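>>> Next come a sequence and a model predicted from it.
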Amino acid sequence: AQSVTQLDSQVPVFEEAPVELRCNYSSSVSVYLFWYVQYPNQGLQLLLKYLSGSTLVKGINGFEAEFNKSQTSFHLRKPSVHISDTAEYFCAVSDAGGTSYGKLTFGQGTILTVHP
Amino acid sequence: DGGITQSPKYLFRKEGQNVTLSCEQNLNHDAMYWYRQDPGQGLRLIYYSQIVNDFQKGDIAEGYSVSREKKESFPLTVTSAQKNPTAFYLCASIPGLGAQRGNEQFFGPGTRLTVL
């Protein structure tokens, strides 16, 4: 079984400031890791994913995340946020092997609010 | 444009009534998923389907039913047995027969169901 914990339910930040959204996971097997963004009353959009290789992953809209296997973390960062980044962000994991059928386990979500 | 459509966007039902949520995709994806989203709880998997005429229960299948008669369609029925059906429902799909490892899920825009 896998679990995902997003350590902050809400993160307020001022425009042009850096931000980090924290994600820890627990799994007995190797995992793939994903970050999704959701704007109000919409579906989810993929920001980035880690499958293998370089632990620093770059995604859309200037976001990046770093996979840390020893700390079982996959924190999302952006050096300078915009008002338009205001949204809810979800971290998710899937089993990298076996018969998971692409199933995702999601964290509880972090609401990022960017203030002018 | 290829994508996933969910209808209706908003749905109201009276207690004791069954209701069916539509999910259609023209991406030629093999696997499809239904999630329920509640505030502060992330997304929870209801049902998923790898191929036509086959589907599996997810983590919270009680009170729900699905069918997969066509590759592009995966409707979800919320039955009267579901005790707390008010939520945001999201449909997703993933490319690759057998859900190739590492493929991300693509999400529809969601249906907000309210029980009156």
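Arrived safely. Numbers count the residues shown, from 1 in each chain, chains lettered A, B, ... in the order given.
>>> What residue, apart from its backbone neighbours, is nearest the residue nearest the centre of chain B spatially?
Taking Cα atoms, centre = their mean, the centroid of chain B lies closest to residue B:34, which sits 2.7 Å from it. Spatial nearest neighbour of residue B:34, excluding adjacent residues (Cβ to Cβ, 6 or more residues apart in numbering or on different chains): residue B:46 at 4.3 Å. Heads up, the C-betas are built off the backbone N, CA and C, glycines and all.
>>> Backbone dihedrals for that neighbour, both of them.
With angles defined as degrees, to the nearest 10, residue B:46 sits at phi -100, psi -60.
>>> Residue B:44 is in contact with residue B:59, correct?
Yes: in this structure, residue B:59 is within contact of residue B:44 by Cβ atoms under 8 Å, at 5.5 Å.
>>> More neighbours: which of the two?
More crowded of residue B:59 and residue B:44, by other Cβ atoms under 10 Å in any protein chain shown: residue B:44, with 16 against 12.
>>> The more buried one: what secondary structure?
At residue B:44, secondary structure determined by DSSP: H, G, I helix; E, B strand; the rest coil is strand.
>>> Tell me how far it lies from residue A:104.
11 Å (Cβ to Cβ, to the nearest Å).
>>> For chain A, just list every one of the strands.
A:3-6, A:10-14, A:19-21, A:23-26, A:31-38, A:44-50, A:56-58, A:64-68, A:73-78, A:87-95, A:105-106, A:110-115 (DSSP state E).
>>> Show the contacting residues for the closest residue to residue A:104 other than its chain neighbours.
What sits nearest to residue A:104 in space, not counting adjacent residues and going by Cβ to Cβ, 6+ apart, is residue A:92, at 4.4 Å. When contacts are counted by Cβ atoms under 8 Å, 6 or more residues apart in numbering or on different chains, residue A:92 is found next to A:4, A:33, A:34, A:35, A:36, A:104, A:105, A:106, A:107.
>>> Mind picking the two most distant members of those?
Longest distance between any two of the contacts of residue A:92 is 13.6 Å, between A:35 and A:105; criterion Cβ to Cβ.
>>> Chain B contacts on chain A?
Within reach of chain B by Cβ under 8 Å from any Cβ of the partner chain, chain A has these residues: A:4, A:6, A:9, A:32, A:34, A:36, A:41-46, A:49, A:51, A:90, A:96-97, A:100-104, A:106-109.
>>> nearest to residue B:74, of the strands of chain A?
Closest to residue B:74 of the strands of chain A, according to Cβ to Cβ: strand A:44-50, at 16.7 Å.
>>> The closest one: which residues count as buried?
By neighbour count on 16 or more other Cβ atoms under 10 Å in any protein chain shown, the buried set for strand A:44-50 is A:44, A:46, A:47, A:48, A:49, A:50.
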